[in-house]
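Chemist: Take this sequence and fold it.
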Amino acid sequence: MSLSVPSKLHPRLQSWRGVATGWNRIGAQTRFYVKTLAAVPDAVVHYQGELLRLIAQMGLGAGALAVVGGTVAIVGFLTMTTGALVAVQGYNQLSSVGFEALTGFASAFFNVRLIVPGTTSVALSATIGAGATAQLGAMRINEEIDALEVIGIRTVTYLASTRVLAGVIVVIPLYCIAVMMAFLAARTGTTAIYGQGSGVYDHYFNTFLNPTDLIWSFCQSVAMTVVIMLVHTYYGFTASGGPAGVGEAVGRAVRTSMVVAAVEIVMISLAVYGQSGNFHLAG
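Modeler: Presented below is the predicted three-dimensional model:
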C-alpha cells in the first residue's frame, strides 16, 4: 500500500513558498555581491591583464561599437541631448514669467544634481552593463565558467570583480565628458539659438555652479556604477536556459539596474541635499 502524495500544496503553503523563494534569491544576490566586492583587491593583484583588457573594451568598445567611438561617444551624445533639452525647456519656461536670464542657473543646478547622473546610469546600463551580462551569460551556457573553475581560476574574482573595478575606472573620464557635453549643449542652445547674451548666461551659471555639487555628483555616478556592474555581473553569472535565457537575463539586469540606480539617486540626493538643499539665491 503506497501513500499518495498530493500534486499541489495548500494555497497558504504555496504563498509562503513564494515568499521563501524570494528571500532566498535576495540572499543569493547579497552573498554574490559581498563576495565580488571582497575579491576586488585579489583581482588587482592577480588579474591585472584581464583588468586592463576590460578597461579598454568598456571605454572604446568592441566591434561596431568601436566604430562610432565606443561608450565615450554614446555617453557624450546622450548628455549633449539632455543638456540641449535643459536649454530648450529652461529658456521657454523661464521666459514665460520673464526670468529667461536664469537659464544658466537651470544648467548649473539640474545638470549637475540630477540629469548627468541619471543619463550616465542609463548609458552604462544599456552599454557596459548589458555587454557584461551577455558575455558572462554566454560563458555560462557554454560551460566556460565551469571550465575556468576546473583549472583553478577563481571565477568570481576573474569575471565579476574585474568588471566591477573596470566599470568604476571607466566612469571617471565618462563622467567628465558627460558634464562637459551637458554644459556645452546648454550654453550653445541658449546663446546661439535663443540669442541670450553670453555674459548674462555665464554670470548666472558661474554664480549658481557649486564645486561641492560636482563632487557629490561624481560620487553618485561612481556609486551607481558599482551597483549597476554588480547587478549585471550577477545576472550574467547565473544565466541559464540557453541563448533565450541569456537574452532574458540581459533584460532583467537592465531593468533591475535602472530601477536601483534611480532609487540610489533619490536616496543620495535626499541624504546630501535633503536638509539644507545647498542652495543660495544670489543676483
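
Chemist: Could you list the low-pLDDT ranges of the protein?
Modeler: Flagging of the chain using pLDDT under 70 yields the residue ranges 1-20, 22, 60-70, 276-283.

Chemist: tell me which strands and helices the helix ranked longest in the chain is in contact with?
Modeler: Ranked by residue count under DSSP state H, the longest helix found in the chain is helix 242-273. Applying 3 or more CB pairs under 8 Å, 6 or more residues apart in numbering; DSSP states H and E, one finds that helix 242-273 makes contact with helix 116-124, helix 130-141, helix 211-237. All C-beta spots, glycine's among them, are computed from the backbone N, C-alpha and C.

Chemist: quick one: buried residues of the last one?
Modeler: For helix 211-237, a neighbour-count test (16 or more other CB atoms under 10 Å) marks 213-214, 216-218, 220-237 as buried.

Chemist: roughly how far is it from the heart of the chain?
Modeler: Centre-to-centre, helix 211-237 and its host chain are 6 Å apart (CA atoms, centre = their mean, to the nearest Å).

Chemist: same thing with the first one?
Modeler: Here helix 116-124 is found 6 Å from its chain centre; the criterion is CA atoms, centre = their mean.

Chemist: With only the CA atoms kept, save that helix in CSV.
Modeler: Only the C-alpha atoms of helix 116-124 are listed here, as CSV (Å, rounded to 0.1, in the frame of the first residue of the first chain):
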residue,chain,number,x,y,z
VAL,A,116,24.0,63.9,-15.7
PRO,A,117,24.0,61.1,-13.1
GLY,A,118,20.7,59.8,-14.4
THR,A,119,21.7,59.9,-18.0
THR,A,120,25.1,58.3,-17.2
SER,A,121,23.3,55.5,-15.4
VAL,A,122,21.1,54.8,-18.4
ALA,A,123,24.0,54.8,-20.7
LEU,A,124,26.1,52.5,-18.5
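
Chemist: chain center to stretch 194-207: distance?
Modeler: Chain-centre distance of stretch 194-207: 31 Å, with CA atoms, centre = their mean.

Chemist: no wait, stretch 238-245
Modeler: Computed by CA atoms, centre = their mean, the separation of stretch 238-245 from the middle of its chain amounts to 23 Å.

Chemist: pull the CA atoms of that stretch into PDB?
Modeler: Extracted in PDB, the C-alpha atoms of stretch 238-245 (Å, rounded to 0.1, in the frame of the first residue of the first chain):
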ATOM      1  CA  THR A 238      23.700  32.900 -13.000                       C
ATOM      2  CA  ALA A 239      22.100  32.900 -16.500                       C
ATOM      3  CA  SER A 240      20.600  29.600 -17.700                       C
ATOM      4  CA  GLY A 241      18.300  28.200 -20.400                       C
ATOM      5  CA  GLY A 242      20.400  28.600 -23.500                       C
ATOM      6  CA  PRO A 243      20.500  31.700 -25.700                       C
ATOM      7  CA  ALA A 244      17.000  32.700 -24.800                       C
ATOM      8  CA  GLY A 245      17.900  32.600 -21.100                       C
END
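
Chemist: buried residues in it?
Modeler: The neighbour-count check on stretch 238-245 (16+ other CB under 10 Å) flags 238-239 as buried.

Chemist: tilt between the helix or strand containing residue 53 and helix 211-237?
Modeler: Taking DSSP states H and E as the criterion, residue 53 maps to helix 48-60. On the basis of axes from the mean of the first three to the mean of the last three CA atoms, to 10 degrees, helix 48-60 is oriented at 110 degrees to helix 211-237.

Chemist: which residue sits closest to residue 225, ignoring its sequence neighbours?
Modeler: Residue nearest to residue 225 in three dimensions, not counting chain neighbours: residue 171, with 4.4 Å by CB to CB, 6 or more residues apart in numbering.

Chemist: how close does the residue nearest the centre of the chain sit to residue 260?
Modeler: Most central in the chain under CA atoms, centre = their mean is residue 121, positioned 3.0 Å from the mean C-alpha point. Computed with CB to CB, to the nearest Å, the distance linking residue 121 and residue 260 is 9 Å.

Chemist: which neighbours do these two share?
Modeler: Shared contacts of residue 121 and residue 260 (CB atoms under 8 Å, 6 or more residues apart in numbering): residue 228.

Chemist: hmm, back to that, could you list the buried residues of the longest helix of the chain?
Modeler: Using 16+ other CB under 10 Å as the test for burial, helix 242-273 gives 246, 249-250, 253-254, 256-258, 260-261, 264-265, 268-269, 272.
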